[in-house]
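Student: Predicted model, plus sequence, below.
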Amino acid sequence: MNVIIALTITGMLNLFGGIFNYRKITPLISVLGIIAALVFNFMYWNTSTSFFHHMMVEDNYAVAFSGVCLALATVLILFYNRFMGESDHHLPEVLSIIVFSVAGAVVMVSYTNLLMLFLGVEILSIAFYILAGLKKKELASNEAAMKYFLMGAFSTGFLLFGITLIYGATASFDLTSIASFIKADGASINYILLSGVLLILVGLLFKVAAAPFHFWTPDVYQGAPTIITAFFATVGKIASFAAFYRLFSLCFAPIASEWSSVIWCVAILTMFIGNITALQQKNLKRMLAYSSIAHAGYMLLALISPAYVGASAILFYSVAYGIASMSAFICLHIVQTQTNTDEASGFTGLAKKNKSLALITAISLLSLSGIPLTAGFFGKFYLFTSAIEGGYVLLVCLAVVNSFISIYYYFKPIIESYFKTSHTDTVLQLKSTETILLIILSVATIVLGILPSLIPSI
Amino acid sequence: MHCLLLLIIPLIFIVLSNILKVKHTGMAALMGSLLTLVVSLIMAFHFNSNDGVAGDFNHAWISSFGINFHIGVDGISLILVLLTTILTPFIICASLNRKIENANAFYSLILLMQIGMLGAFMAKDAFLFYVSYEVALIPIYFICGLWGGENRIAVTLKFFIYTLAGSLFMLVAIIYLYLQTPGGHTFEISEFYKLNLSSSQQSWIFWGFFLAFAVKVPIFPFHSWQPPTYTTAPTAGTMLLAGIMLKMGLYGLIRFVLPIVPEAVAQWNTLAIILCVCGIIYGSVIAIRQNDLKTLIAFSSLAHVGLIAAGIFSMNAQGIQGAMIQMFNHGINAVALFFLIDLLERRSGTRLMDAFGGIASVEKQVAIVFAIVMLGSVGLPLTNGFVGEFLLLMGVYQWNMWASLMAGLTIILGAVYMLRLYRNVFFGEVSDASKTVTPMTMMEKIISWKLILFILVLGIFPNLLLDISAPSVNELLDMIAHHSNLIGGL
């Protein structure tokens, strides 16, 4: 609870920054507030405290995923301030929206009541709709916001309808009572319950951008400012997945036979559509958007894995994916603003123009493609192992096929920056704080790849 | 402990040469590789082949998964470790008198690759093996991509995706085996040997591993990455690939496929050997028509490794022992040949056979050295190539006479393309390109005569190597026989 209180206070303080004229220090306030929330968060480790009459619980699962979201948000705010801080007149407001959305993410990963799930999803999503339209004078950004809002509202409708049906069947919003109802009633098929599960499934698959509910992703990711896209692709996706996994492993595990085939069909579709479409993209932002769809496909494997490994696997994968994706988007943002192009050609000759930026980009892309000794490899290894343990060998083989399809497009920027020479000799500037932060992200990627035990199992 | 040193020394040299910004990075890398050579030689002298494993080092790595950093060498590993440590100094020397842009990165990548390959050869833990196997791929990708020739971007990407694709299926097979181990699960390879797998399980695992290793070796229809990659890669890269890296695939066949899924090998080896024999004939025939010397050697290499793989799949002592010694010899011969081709190319700026002619009357020493290396590669008695090919053919013969007859064509066809090469390049009228061939420098003399020393000594005393690997190979065969109760069938 302290976490949410800290985040809310930080958000409010930011909002007043514009009125009382301390807008310059709002980034500092946000970062300090989130760090305070992080500290509160980890004080709940191994306690499993529950709040609000069992509507939320800070168990290790919640603490771990909140920690990931909060840490990624800190990095994001630091970079947001660097990239947009000076030109943005609405800095305090934007920062407060970001902080509020993180509060939504925290609720989404720690709910034990379907109403809280809905609240969390809404807090996160509404903030996201606004963030997508931040560049209000650009057509693409407006389109992104509109599209995201329409699609998001639509999917939330599905989610809410599903929750209602579940309530109708079980007479409860509480996860434990729903779980015990399903356990007691598992043998007989309850069609109201099953329709509810299916609708919730659709709603959540929308949120994690799994095929065939992924059509909003590329446009939204491309239209939004790159740094905000990084936020959608990391915090948004990780929080939605954590919520997804929590609900389905806690509540609906006894009737897994009813929905697991849906999940694995969706997983296969998502991986192939994401990866194959990414192959065709010239625009790197769109490419990363499709690649994030593909990653959702891999993460779906955890949902059908045995419960005792699935949670840890998805946590590790989230951390690895979050770090790599964040630094890839940030590198892309830097290159994009200085070369004025979204395409791979912006990276041409980067290794000569800025050695460290090229190396950092390469490490994050290698991690995303799952090359050993990066965190991304171990994340994939973890997911594959748990899925094979669940008996899905064929599915893992298909995931493996996707893994090497993805090499082709992940290597495009690497090839551009190392193997090609640029005709312009503009030097890409990188401020020292940016370099240090990016290096920290890269080092984390490598260290987690070599010593994955640093992330505890939950 | 020695094993760990082998991995740490190159790492120290990489870190030092990058931090200190050493001026003569090539020399520093050479020192590093010589130091690893010394350590590996000490290890070889202390190695008592009947002891089994030497230099064992075991440390928990990722304990929740039962993954250990477990390295050590038995006879089979030791030969390949020696091959790696002996060839790396040669490969570095061969690049020393070239002006290389960004030399620091170049030599660091070579040493990094050495670490990866040594790790794979010494791993006693399947996860460690997989990671090392892949880690060796990154440096060679950048070596080929950064310093390679024409069309390098497309060629290296194809090579990378091809190899990675194969090995990911191996990863699935390894994870599957891991989950079959009893209790808390472990990636220890020796535990994999004890598993009792049904024949359908064995078949699936066989194909998982086969795909990975067949791409790496490469075995016939999986070879299409190889000739262009060998041709475009810089000489050091080609040497690393042909000399050492493809042995990781052959080593994997011996280390994983034979002892873990012997029944599946017995079931599928007809197909596998047919593919190998196809590769032998295909590679040799295409080599006859090549004009580019590097491409010619690339195709001949396809034929040679096809024979080695056929020997391994024939599952008998001669075949496997022949494979062990021929892996070593092929490494030496391939590096020597690529070195000499590079020598000609550097002087004349071309490596097309048509451009040369009559070098024998211009530069005698180059011609003599080339002749000896060529004879070693063709497999003339008293050179190293003979012993290996003889044993391999004997192994295949025991499996099936016709297969061995077809595989034996490699010797005849090998003589055809190598002698054709020699005639066109060294005899006949002196061409313009041949006139540019100047005498060998001191360094080049040292490298080539040392390599020739290996070719002759191992041709005359093959037991130097055979004795190292014999006990381990016998143990392996015992294990196969015991494991599968297929004694009659073998």
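Tutor: Structure received.

Student: Which secondary structure state does B:A60 sit in?
Tutor: Here B:A60 is recorded as strand under DSSP: H, G, I helix; E, B strand; the rest coil.

Student: Please list all residues in contact with the nearest residue to it once chain neighbours are set aside.
Tutor: Leaving aside its chain neighbours, B:A60 sits nearest to B:N68 (5.7 Å; criterion: C-beta to C-beta, 6 or more residues apart in numbering or on different chains). In short, each C-beta sits where N, CA and C put it, glycine included. Counting by C-beta atoms under 8 Å, 6 or more residues apart in numbering or on different chains, B:N68 touches B:N58, B:H59, B:A60, B:W61, B:K124, B:D125, B:L128, B:T186, B:F187, B:E188.

Student: Where in chain B is the helix or strand with the lowest mean pLDDT?
Tutor: helix B:432-435 (a mean of 81; mean pLDDT, DSSP states H and E).

Student: Buried residues, it. List them.
Tutor: Of all the residues in helix B:432-435, those buried under the rule 16 or more other C-beta atoms under 10 Å in any protein chain shown are B:A433, B:S434.

Student: picking up where we left off before, would you mind checking the contacts of B:N68 for buried ones?
Tutor: Neighbour-count burial (16+ other C-beta under 10 Å) is assigned, among the contacts of B:N68, to B:W61, B:K124, B:D125, B:L128, B:T186, B:F187, B:E188.

Student: Can you tell me the SS state at B:H70?
Tutor: Quick answer, by three-state DSSP: B:H70 is strand.

Student: if I look at it, how far off is chain A?
Tutor: As judged by C-beta to the nearest C-beta, to the nearest Å, B:H70 and chain A stand 16 Å apart.

Student: Hmm, B:D125 and that residue touching each other?
Tutor: Yes: B:H70 lies in contact with B:D125 (C-beta atoms under 8 Å); the separation is 4.4 Å.

Student: Mutual contacts of those two, please.
Tutor: In contact with both B:H70 and B:D125: B:E188, using C-beta under 8 Å, 6+ apart.

Student: which bits of the stretch 151-300 of chain B sit near chain A?
Tutor: Residues of the stretch 151-300 of chain B lying close to chain A (C-beta under 8 Å from any C-beta of the partner chain) are B:152-153, B:157, B:160-161, B:164-165, B:168-169, B:171-172, B:175-176, B:178-179, B:204.

Student: which two of those lie the greatest distance from each other?
Tutor: B:R152 and B:L179 (40.2 Å; C-beta to C-beta).

Student: quick one: which of those two has more around it?
Tutor: Counted by other C-beta atoms under 10 Å in any protein chain shown, B:R152 and B:L179 do not tie: B:R152 has more neighbours, with 22 against 14.

Student: Which residue, neighbours along the chain excluded, lies closest to that one?
Tutor: Nearest to B:R152 is B:T232, by C-beta to C-beta, 6+ apart, at 4.9 Å.

Student: can you check B:H330 too?
Tutor: Nearest residue to B:H330 in three dimensions, chain neighbours excluded: B:H304, at 5.3 Å (C-beta to C-beta, 6+ apart).

Student: What separation do you get for the one you found and B:A29?
Tutor: Separation of B:H304 from B:A29 (C-beta to C-beta, to the nearest Å) stands at 28 Å.

Student: burial of B:A242, as a residue count?
Tutor: Other residues near B:A242 number 28, with proximity taken as other C-beta under 10 Å.

Student: now swap in B:S190 and tell me
Tutor: Residues near B:S190, counting by other C-beta under 10 Å: 13.

Student: Please tell me how far it sits from chain A.
Tutor: 20 Å.

Student: wait, what's in contact with that residue?
Tutor: By C-beta under 8 Å, 6+ apart, the neighbours of B:S190 are B:K124.

Student: Tell me the confidence at it?
Tutor: Looking at B:S190, its pLDDT is 86.

Student: in which helix or strand would I find it?
Tutor: Secondary structure from DSSP states H and E places B:S190 in helix B:189-193.

Student: Could you do B:A28 as well?
Tutor: Short version, using DSSP H and E: B:A28 is in helix B:25-46.

Student: Which of the residues of the stretch 151-300 of chain B next to chain A fall in helices?
Tutor: Among these, the residues falling in helices (DSSP state H) are B:152-153, B:157, B:160-161, B:164-165, B:168-169, B:171-172, B:175-176, B:178-179, B:204.

Student: Give me the buried entries from these.
Tutor: For those, buried by 16+ other C-beta under 10 Å: B:152-153, B:157, B:160-161, B:164-165, B:168-169, B:171-172, B:175-176, B:178, B:204.

Student: Quick check: which ranges of the chain have low pLDDT?
Tutor: By default, I'm working from chain A. A:85-87, A:186-188, A:425 (pLDDT under 70).

Student: that's the other chain; I wanted chain B
Tutor: B:49-52, B:484-490.

Student: one step back: can you list the residues that contact the helix or strand just after the least confident helix or strand of chain B?
Tutor: Following helix B:432-435 in sequence order, the next helix or strand is helix B:442-460 (DSSP H and E). With C-beta under 8 Å, 6+ apart as the test, helix B:442-460 has contacts from B:86, B:90, B:93-94, B:96-97, B:325, B:328-329, B:332-333, B:335-336, B:339-340, B:343, B:365, B:369, B:372-373, B:376, B:381-387, B:440, B:464-465.

Student: just the buried members of those?
Tutor: Using 16+ other C-beta under 10 Å, the buried ones in those are B:86, B:90, B:93-94, B:96, B:325, B:328-329, B:332-333, B:335-336, B:339-340, B:343, B:369, B:372-373, B:376, B:383-387, B:440, B:465.

Student: Output the set of residues of the stretch 301-450 of chain A in proximity to chain B.
Tutor: With C-beta under 8 Å from any C-beta as the criterion, the stretch 301-450 of chain A meets chain B at residues A:366, A:371-373, A:377, A:381, A:384-385, A:388-389, A:393, A:396-397, A:400-401, A:403-404, A:407-408, A:411, A:415, A:418-420.

Student: Spit out the contact partners of the nearest residue to A:E58 once chain neighbours are set aside.
Tutor: Once flanking residues are discounted, A:E58 sits nearest to A:Y44: 3.8 Å by C-beta to C-beta, 6+ apart. By C-beta under 8 Å, 6+ apart, the contact list for A:Y44 reads A:V3, A:E58, A:A62, A:V63.

Student: hmm, try it at 10 Å
Tutor: A:M1, A:N2, A:V3, A:V57, A:E58, A:D59, A:N60, A:A62, A:V63, A:S66, A:S110 (C-beta atoms under 10 Å, 6 or more residues apart in numbering or on different chains).
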